[in-house]
Each structure stands twice: as structure tokens, then as C-alpha cells.
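*Asks:* Take this sequence and fold it.
(4 chains)
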Number of protein chains: 2
Amino acid sequence: MASPRPGPNLSRIASSLGVSVATVSNALSGKGRVSGQLIEKIREHAAELGYVPSQAGRALRTGRSGVLGLVLPDIANPLFPKIAQAIEFAASAAGYGVLIADSRGDVAAQTEAINRLVERGVEGMVIIPRRATRISAAACPVAVIDTASTPGNTVAADHWQGGREIAGHLADLGHQRILIVGNNHESNVQNDRAGGIRSALRAGMHAETLWIDRLERDGGNGCTLGLAEKARQGFTAFAALSDLQALRALTELQQAGINIPADVSVTGFDDLVWSPVVTPSLTTVRMDVDRIAGIAVLALVNSIRTSSLREGMLVTAETDRVAMQLVVRQSSGPVNPASKTSEMENT
Amino acid sequence: MASPRPGPNLSRIASSLGVSVATVSNALSGKGRVSGQLIEKIREHAAELGYVPSQAGRALRTGRSGVLGLVLPDIANPLFPKIAQAIEFAASAAGYGVLIADSRGDVAAQTEAINRLVERGVEGMVIIPRRATRISAAACPVAVIDTASTPGNTVAADHWQGGREIAGHLADLGHQRILIVGNNHESNVQNDRAGGIRSALRAGMHAETLWIDRLERDGGNGCTLGLAEKARQGFTAFAALSDLQALRALTELQQAGINIPADVSVTGFDDLVWSPVVTPSLTTVRMDVDRIAGIAVLALVNSIRTSSLREGMLVTAETDRVAMQLVVRQSSGPVNPASKTSEMENT
DNA sequence: CTGAAAGCGCTTACAG
DNA sequence: CTGAAAGCGCTTACAG
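*Replies:* From the prediction side, this is the model:
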């Protein structure tokens, strides 16, 4: 059996042209020395026949599958699309295909997903790990996209610095009391972001953090976060650690009749699809996904090249931090702008 | 050269155990007749060595790559994650890997993406086409996920029926004047949804449609949709054709001081991540992505099996419609519920 | 410039 | 129950 592929193969082209397979291969790849005429003739004929090289044959011979793996903790996470798109783009540009694997659920599923990819012969993989997972040496080069706190071979947005951008923005608007809103107090990303915000507070500014997961664990205020109450207590800025929480905050405050940005400001993180669409649109901070994906894929590709020499698994570069960029959409705040002249701080 | 793979292969296991490769292969796959003892011994040794079968070798021999392709118009579309996840899950369950390809941009990029996948040897693919694209015969079985209006080999959520669900819900809440809000008047999906809504209006109900793309093309009202004005004109229900537009509507109305759901109701489509999170949360209609993905992948797998006999490209089943399911989150409306007793209609 | 040959790792009739 | 052999389609030294 061994059901042969439908399309034509090298030897079909070769015999039909009265030349050897080697010559056809060389002509098509432009490697061995083949006369211009022949090259022309062979390529033409191949195109005519709709020849598509067999990846399997090539992979078996060269030992390179031309495929990278992408492991995601949960594709349904709204951050995923942008990263996946960027990875696919970068990989594609480097001549690689991308095999996805969703590690939904626990760490076991993640290991499982990684193994599946290895079995499928990926030459390397990009892993966005589940919270608090450490990736152990896999059978191929691995690049991790996570926080900077992850040790080694990691690319990460500089979440801390992103937090500083937010704090700076809020300070410029004249805010003094900031409520940081996160939804997972164990997330490294969220902790980095919160830490960044706190680290950039100016004199006279004060921040508190509301962890939604804790609130809910403790019974919470039903389905509200009690933000209106917080506003009444004097918080004028709500700095969510992700745009989803920002959206939650925004609508909860609006529902309570609080005007944004006239009464309070709301900021987020990640510049997700809805941020520019809601009213008022969200000030947020964006990661440079293209750059992150580019670095991850490049590290992988380099590692793959090298590993053909010293066989086995290699790690990629040291942790690489990519700056986040502030996207201002709410440009005024409740306390009138001290933006240009920040002398107010001292009052 | 031909840099050999790092790991052990069948012949390594075979020679190290003093048996033939054929026997090892049979023992591992459980196919040929091998004695229980030997099977045990071989499997153990293989596991010890960390043997991972070479996909390339297997694919070359069997002509099956074990990989499906997934072509998406734009991964950044918020609907994507759920579908991709479902496809990956279904494919994985069927023993297939999934290679993704983003056809971002024009139709040319889509053709390009499809070709890339074919070159990588996918055995079939799921295509979510760009608007108004007709997929021409590819070099492998194809399943399309689109609207029911797409001819042949298509799986689709029943957007029309989804629209009817929404209309029924709004009717039950006692709404008479409905503003349908879409963002692309050329989208088949959105037109189906709008058509479904209109088709299920009850006596005395009236609907108008606001197409955001037209509004913007004509200069629009700046960045607002003018929904508050619509509310003043007597519209009490805003039925967006996607949750993103619903979100836009919700926040715009809230910003204008209109209370939801006390003054007006807002509904969406697709049950995207933020729908349950915003205040008030969105009533929406959800597609059964798992079912859709399951059907698409199954059709593909069947088609692949068959095509090994009658070689060449096959289409999958006829258009298959999957019911959408109403998710009620705003259970009261401005005009007090006629829900149970819908006699009000006749007044 | 061109071709004959080996071999990547696997599976599968077939013979013993 | 086990093994020897062929062959999937390709690339790459090597010889001519």
C-alpha cells in the first residue's frame, strides 16, 4: 500500500524530462550547478505539473521539520490572539510553520501538550507557561514568554516599567489616591505591574490594591467590586492590571452614575480589542508583541542552527525585556491636569 | 551530513535488543503478531531510551502527516480564540496536530496561507474564510466554517435562528422598538443575524438597523453612534450583532446617563469573554463552538479516509447548521416584563 | 554540468 | 511468532 501522495514527485518530473532526480532537485533548489537552460526547463515543467515538494521526504532527509510549536495556557485568554498572530507571522517570515497546542487546565496538560509537539517533530517551541510553571528541559530548544522574573531563556514585556508608565500618567493628571485592581494575586505578571505602579508614585500619592480573587474568596460584595464606594472614599484613579478588569471597573462605575473621566480615571493594560471601542475609551499600556515574538522566534532559530552542531537541547538568550508603550485615551482627569507643571505635588 | 535526529530510532532499539526493526515496529504499534513477552520487553526498553517515533519517517512511509491546517481571516478577531481552541481540541482528540495560518489582509494572503499549509503537507484544513471569499478546490479536503449562505461543505452556527432567539427574548421583555446595531453591512453573518431578528418580531414590534460602517463612511457623529438620541426617540432595545458592538452600545448609553436595564436593554452575539464581566452583564447568544469544530474535524477526517481510496480532493458534508443558544443576563427590561403573560402584545 | 547511489526512519506485505 | 527487504520522496557528497 503506502498510498503514494497524489501529486507529482521529483522522479516523475525527472523521467518525464529525461534527466535525473538529482538534477531536478538541484534545479529547483538552486543549489548544485545546473545549466541555466535546464533550470528554466525544469522549473517550468514542475510548475506546470503543480509540483509541491514533500515535506515528509525533505524532513526525513534533512532532519528538519520546518515547524515550530506554540504552547499556550489557554487560548481563550483575550491576550492570546495578538501573541499567536505575532508568533505565526515571525515564524512564517523565518520559513517555519506553527503547530499550536492548548495546555488548558493543569500543569499535566501542559506537559502533555509539549510532548505532543515533540512527537510531531517540532524543531523548537515557544511556550507561554501556566502561572508558576517552570519549564523543564524539553527535547528541543524552547523560548519562554513570561515575566522577567522567570529565570533564563525568556522573553518578556517589561510589565514593571509598564506599571511605571501608568503611574506617571496618573500622576500627570493630578491623581493622588489610586486603587490598583487585579484579579489574581499570584500572577507574576500582575504583581510586576502593580509593583511598577507603586514604585513610580510621586510624593503625596497613595495606592491600595484590590485583588478580585481574594474578594471573591472572602465572599465579596456579591457581584460588584464596590468601586463606587471606593470612589466615595476618595479614590480618583482605578488602575486595573488588565483591560478586562478595567472594563469591569469602567462599567461598574458608570452604572453607579460616576462619570469617567470627569469624576474618576480608569486605566488598563494590554490594549485589547475593546479598549479603543468603549466610551470613554481606555488609557492602557501595550506590549510590543511583534518585537517579543520576533525575539522568541529568532532565539529559537539560532538555537536550532547551533544545535545541529552540538546536538541536544539548548536554551535561548538570557531574559530579554521589551518595553511597554503607554496609549493615552483618557487625557483629562478629575483633578485638573497638573501635567505640565507638577509643582502641585508639594502642596 | 543529513544530521540524524538526536534521539534513538527503531534500529537502535532493535540492535540493542537483538531483534529486527520490523518486530520493534510491530511491538510498539501493536499490529503484527509479536509475543507478549517480547512486546513487554521492547516497550520497556523503548520507554527507557525515551524513544519518540519520527513523524517524518512515518509520514513518508504512510503518506499521512497527521496534521490539519486552520486558516483564519484574522487571529486578532475576538471570536477566534474559542474556535481555535475548539478546533485544536477536536483535532487533538482525533489524533491530529493543527498548523495555523493567519490570512490577515486580503484574499491573496488567504490563498497564500492555504498554499503554505498544503506545502507543509496538511491532510486537510478548516478554513474560516474572509468575507465573501469562495474557497476554490484546494489540494486537500477542506471544511469551511461560515454562514449557512455559503454553498456546500460548510459548517455554520445558525445565525438566523440566533437572531430569532434575541427577538423572542426582547419581545418577552415587552420591547416594541428595537435598534439593530451592526458594524459591517456586507457581512453574511451579520445580515443573517439581523434577518433572524426581523423575522421573529411580533405584532406591534418595529426594528431599524444602524450600520456603523455606513455611519462612519458618511462622516458619522464623530466617535459616537448617537444611541442616546435613539433612546430619546423611543428605542428601548439595542440588539447588537456582535458583543463588541454591544459593548460599544452599552458604554455609550451609560456614558449618556441612560440606565441599563432600567431604561433600555442591550443584547449582543457570541458570548465573548467580557459579556459576563461588564455591569450590567450582556444578554447574548452563543454558538456551540465545540459542536461546530467537532463536525468540521469529523468531516475532514472522514474525507481523508475516503480520499486514500479515490485519491484527490473531496468536499465535506453539506452545509450543517448548529443551533445558537440564548444566554440571558439582563432578565428585566424597561417596559415591565410581559414575559409570562404575553397578552400585552395585543394592546 | 550531470547522474548514480546512499540513506534519513518508518511500515508493511511477504516469506520463513 | 519473527525477520529480510522494499520503498515512501528527498538531498547530498561523490564520481564522471
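*Asks:* How about the residues of chain A by DNA strand D?
*Replies:* Proximity of chain A to DNA strand D, by CB under 7 Å from any atom of the strand, involves residues A:2, A:4-5, A:9-11, A:21-22, A:25-26, A:28-29, A:31-32, A:51, A:53-54, A:56-58, A:60-62. The C-beta positions use only the backbone N, C-alpha and C, and glycine is treated the same way.
*Asks:* which of the residues you listed count as buried?
*Replies:* For those, a burial check counting by 16 or more other CB atoms under 10 Å in any protein chain shown picks out A:5, A:9-10, A:25-26, A:28, A:51, A:53-54, A:56-58, A:60.
*Asks:* now, which of these lie close to chain B?
*Replies:* Checking these against chain B by CB under 8 Å from any CB of the partner chain, the ones in range are A:5, A:53-54, A:56-57, A:60.
*Asks:* where does the residue of the stretch 51-200 of chain A found nearest DNA strand D fall, phi/psi-wise?
*Replies:* Nearest residue of the stretch 51-200 of chain A to DNA strand D (CB to the nearest atom of the strand) works out as residue A:57 at 2.9 Å. The phi and psi values for residue A:57, taken as degrees, to the nearest 10, are phi -60, psi -50.
*Asks:* re the thing from before, now, which of the ones next to chain B among the buried ones among the residues of chain A next to DNA strand D sits nearest residue A:145?
*Replies:* Of all these, residue A:145 sits closest to residue A:56, with 30.0 Å by CB to CB.
*Asks:* part of a helix, is that closest one?
*Replies:* Yes - secondary structure assignment places residue A:56 in a helix (DSSP: H, G, I helix; E, B strand; the rest coil).
*Asks:* still on that earlier bit, got a markdown table for the ones next to chain B among the buried ones among the residues of chain A next to DNA strand D, with pLDDT too?
*Replies:* Below are these laid out as a markdown table (pLDDT from 0 to 100):
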| residue | pLDDT |
| --- | --- |
| A:5 | 63 |
| A:53 | 90 |
| A:54 | 89 |
| A:56 | 89 |
| A:57 | 92 |
| A:60 | 92 |
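*Asks:* who's in contact with residue A:19?
*Replies:* The neighbours of residue A:19, taking CB atoms under 8 Å, 6 or more residues apart in numbering or on different chains as the test, are A:38, A:42.
*Asks:* In what element of secondary structure is the residue nearest to the spatial centre of chain A found?
*Replies:* Compute the mean C-alpha point of chain A, and by CA atoms, centre = their mean the closest residue is residue A:83, 3.4 Å away. Per DSSP states H and E, residue A:83 falls inside helix A:80-93.
*Asks:* Return the alpha-carbon coordinates of that helix using PDB.
*Replies:* C-alpha atoms of helix A:80-93 as PDB (Å, rounded to 0.1, in the frame of the first residue of the first chain):
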ATOM      1  CA  PHE A  80      -3.700  35.200  23.100                       C
ATOM      2  CA  PRO A  81      -4.800  36.300  19.700                       C
ATOM      3  CA  LYS A  82      -2.200  39.100  19.400                       C
ATOM      4  CA  ILE A  83       0.600  36.900  20.500                       C
ATOM      5  CA  ALA A  84      -0.300  34.000  18.400                       C
ATOM      6  CA  GLN A  85      -0.600  36.200  15.400                       C
ATOM      7  CA  ALA A  86       2.700  37.700  16.000                       C
ATOM      8  CA  ILE A  87       4.400  34.400  16.500                       C
ATOM      9  CA  GLU A  88       2.800  33.000  13.400                       C
ATOM     10  CA  PHE A  89       4.000  36.000  11.500                       C
ATOM     11  CA  ALA A  90       7.500  35.800  12.800                       C
ATOM     12  CA  ALA A  91       7.700  32.100  12.300                       C
ATOM     13  CA  SER A  92       6.300  32.400   8.800                       C
ATOM     14  CA  ALA A  93       8.800  35.000   7.900                       C
END
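*Asks:* Would you mind listing the buried residues in it?
*Replies:* Residues of helix A:80-93 classed as buried by neighbour count (16+ other CB under 10 Å): A:80-92.
*Asks:* Just the strands from the stretch 101-250 of chain A, written as ranges.
*Replies:* Along the stretch 101-250 of chain A, counting by DSSP state E, counting those that start in this stretch, strands occupy A:124-127, A:142-145, A:154-157, A:177-182, A:206-211, A:237-240.
*Asks:* just to revisit the earlier point, between the helix holding residue A:83 and helix B:80-93, how big is the angle?
*Replies:* With axes from the mean of the first three to the mean of the last three CA atoms, to 10 degrees applied, the angle from helix A:80-93 to helix B:80-93 works out at 70 degrees.
*Asks:* close to chain B, is helix A:80-93?
*Replies:* Yes - for helix A:80-93 and chain B, the contact criterion (CB under 8 Å from any CB) is met by A:80-82, A:84-85, A:88-89, A:92.
*Asks:* farthest-separated two in the buried ones among the residues of chain A next to DNA strand D?
*Replies:* The largest separation in those, counting by CB to CB, is between A:5 and A:26 at 21.4 Å.
*Asks:* gap between the one residue in the stretch 51-200 of chain A that gets nearest to DNA strand C and residue A:117?
*Replies:* When scored by CB to the nearest atom of the strand, the stretch 51-200 of chain A has residue A:61 as its residue closest to DNA strand C, at 3.5 Å. Distance, residue A:61 to residue A:117, by CB to CB, to the nearest Å: 22 Å.
*Asks:* which one among the buried residues of helix A:80-93 gets closest to residue B:46?
*Replies:* Proximity of the buried residues of helix A:80-93 to residue B:46 was ranked by CB to CB; the top entry is residue A:91 with 31.2 Å.
*Asks:* could you check the distance from that closest one over to residue A:122?
*Replies:* Counting by CB to CB, the gap from residue A:91 to residue A:122 is 11 Å.
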